[in-house]
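In: I'd like to go over a predicted model; first the sequence, then the structure.
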Amino acid sequence: MAKKIINGKQYDTEKAVFIGKWSNKLLETDPNYITECLYKKRTGEFFLSCEGGESTKYAVSSGNTWTQGSKIIPLSYEEVKQWSNEKLSQIEYDAIFGAISTDYESKETLFLTISSAMYDKLDRLVSERGNGATKSSIIEELIASI
């Protein structure tokens, strides 16, 4: 468990949703081991919870020596995309950002928070419409009608 307040915002691995993990696959006893875990807060913000051995960028000073350490790093949306592209599998990346469209229409990804009641209503609309209707297509249709 990692918990930290950075710039007045709380980052807590127990309250956030675990998204993915990257490791250099070394044992935790190796001075060069690194593990980075991506989390998403309820607010839609992303952060990394990182650990590393005494020879890594996550090491902390302990008197005259270095020891293994940990760090929480808030990430911007672009930083999340870059980290995910470099460190996660294509399946994990697609689960976060959606599959890259093969059509020629430009698409943007949006993360939003809605109430449980509105989410349930959106689910019902998808079921009622059938024929390949998605939450995204319904939201696009609603915005277009404004």
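Out: On my side now, so go ahead.

In: surely residue 136 forms part of a strand?
Out: No - under DSSP: H, G, I helix; E, B strand; the rest coil, residue 136 sits outside any strand and is assigned helix.

In: now do it against residue 125, distance only.
Out: 12 Å (CB to CB, to the nearest Å). In short, each C-beta sits where N, CA and C put it, glycine included.

In: how far off centre is the longest helix seen in the chain?
Out: The helix that spans the most residues within the chain, counting by DSSP state H, is helix 116-129. Helix 116-129 sits 25 Å away from the centroid of its parent chain (CA atoms, centre = their mean, to the nearest Å).

In: just the buried residues of it, please?
Out: Neighbour-count burial for helix 116-129 flags 122, 125-126 (criterion: 16 or more other CB atoms under 10 Å).

In: contacts for the helix or strand hosting residue 95, please.
Out: Here residue 95 is covered by helix 90-97, with elements defined by DSSP states H and E. By CB atoms under 8 Å, 6 or more residues apart in numbering, the surrounding residues in contact with helix 90-97 are 19-20, 80-81, 84-85, 88, 100, 109.

In: and stretch 122-129, by the same measure?
Out: Stretch 122-129 has contacts (CB under 8 Å, 6+ apart) with 114, 133-135, 138-139.

In: pLDDT of stretch 48-64, averaged?
Out: What stretch 48-64 shows for mean pLDDT is 94.

In: what's in contact with it?
Out: 2, 11, 13, 26, 28, 30-39, 65-73, 75, 83.

In: what kind of secondary structure is residue 99 in?
Out: On the basis of three-state DSSP, residue 99 is classed as coil.

In: kindly report the domain assignment for this protein.
Out: The chain resolves into domains spanning 3-97, 114-146 when parsed by automatic domain parsing.

In: what's the span of the shortest one from first residue to last?
Out: For domain 114-146, the first and last residues are 19 Å from each other (CA to CA, to the nearest Å).

In: same check on the first one?
Out: From its first residue to its last, domain 3-97 covers 26 Å (CA to CA).

In: point me to the residue sitting farthest from the middle of this structure.
Out: In terms of distance from the mean C-alpha position of the chain, residue 64 ranks first, at 35.9 Å (CA atoms, centre = their mean).
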